[in-house]
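Undergrad: sequence below, structure please.
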Amino acid sequence: MKSSDKIHVVDDDEAVRSSLRMLLESAGFDVAAYASAADFLESYRSGLSGCVVADVRMPGMDGIQLQEELAQRHAHLPFIAMTGHGDVPLAVRAMKAGAVDFIEKPFEADDLISAVERALALGRNRAEDSGSAEAAALVAGLTSRERQVLEHLVAGHSNKVIAHELDISPRTVEVHRAHLMEKLKVRSLPEAVRLALAAEVAPAEKKKG
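TA: Next comes the predicted model:
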C-alpha cells in the first residue's frame, strides 16, 4: 500500500463508522471517516488517492449520488458500495455507475479487507493509466522539432550535441527546450524526462560518423 493511500469511509451511522475505522486500521490501513457525503466532498481535493467505502443509503446525498459527483470531478478513487439487507438492487445500480465492488452488511472482516485491497490495486492502475494518457496528450501538443529535441533530452544529450545532431544552433535548441517544457507543464529537465518516458517517447540515437 502506498503511504498516500487512504480509505475514506462514509456512513451516517456513527457505530458503523467507528467499527470500520477500527477494523481497517487494525489491518494497517490509513483511514478517514465522514458522517455524510457532504462532509467527504468538503475535504475532497483533486489527486486524492486511496478508495471510498460508502453506504448506499444515507440522508441527503446518498452513496450513488456521491459516486456520480466524484465521476463528475474526474476522481480516480475506486468506490466500494456498502448495502444493507435488501439493498442489492441499489448495489447493482452502483456497480453500473462505476463502483468496483459492493459488500452487504453484515459482512465478514476478511471480505471488506479483500475488497479494499482490490480497490487500491485498481486505483493505482487507473492512476498510472491516467498519468500515461495525460503525458501522451501533452507530448502530442509539441511541434515536430520540439519532439525531436525532447527525444534527444531523453537520450541524455546536451544542448551542444542536440544542435549538432539537428543541424541548428545551440541558441535555437534552448528556445525549443524552453517551449517544450512550457507545453509539458514542467519546470526541470528531470520532470520533462519522466513525463516523456510516461508517454513512451523513445530516446534519439546519434548520427553515425
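Undergrad: residue contacts, the residue lying closest to residue 148 once chain neighbours are set aside?
TA: Distances taken as CB to CB, 6 or more residues apart in numbering put residue 166 closest to residue 148, at 6.0 Å, once the chain neighbours are dropped. In this view, the C-beta of every residue, glycine as well, is placed from N, C-alpha and C. Each residue near residue 166 by CB atoms under 8 Å, 6 or more residues apart in numbering is listed here: 145, 148-149, 152, 173.
Undergrad: how about those residues in a markdown table, adding neighbour count?
TA: Written out in a markdown table, the entries for those read as follows (neighbours: other CB atoms under 10 Å):
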| residue | neighbour count |
| --- | --- |
| 145 | 16 |
| 148 | 18 |
| 149 | 27 |
| 152 | 22 |
| 173 | 24 |
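Undergrad: tell me how the protein divides into domains.
TA: As recorded under automatic domain parsing, the domains making up the chain are 6-127, 141-198.
Undergrad: select, out of those, the one closest to residue 133.
TA: Across those, residue 133 has its closest neighbour in domain 141-198 (9.4 Å, CB to CB).
Undergrad: if we can go back for a sec, considering the domains of the chain, which stretch scores lowest in mean pLDDT?
TA: In terms of mean pLDDT, the lowest-scoring of those is domain 6-127 (a mean of 88).
Undergrad: about what we covered before: of the domains of the chain, which is nearest residue 207?
TA: Proximity of the domains of the chain to residue 207 was assessed by CB to CB; the nearest stretch is domain 141-198, lying at 6.0 Å.
Undergrad: as CSV, the domains of the chain with distance to residue 135 would be great.
TA: Shown next, in CSV, are the domains of the chain (distance: least, CB to CB, whole Å):
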stretch, distance to residue 135
domain 6-127, 12
domain 141-198, 4
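Undergrad: need the contact list for the residue nearest to residue 67 when sequence neighbours are not counted.
TA: Excluding the flanking residues, the one nearest residue 67 by CB to CB, 6+ apart is residue 79, at 5.0 Å. Contacts of residue 79 were listed using CB under 8 Å, 6+ apart, and they are 51-52, 54, 67, 70, 94, 98-100, 119.
Undergrad: coming back round to it: just the ones of the contacts of residue 166 in helices?
TA: With helices defined by DSSP state H, the entries of these inside them are 145, 148-149, 152, 173.
Undergrad: I am finished for the moment; much appreciated.
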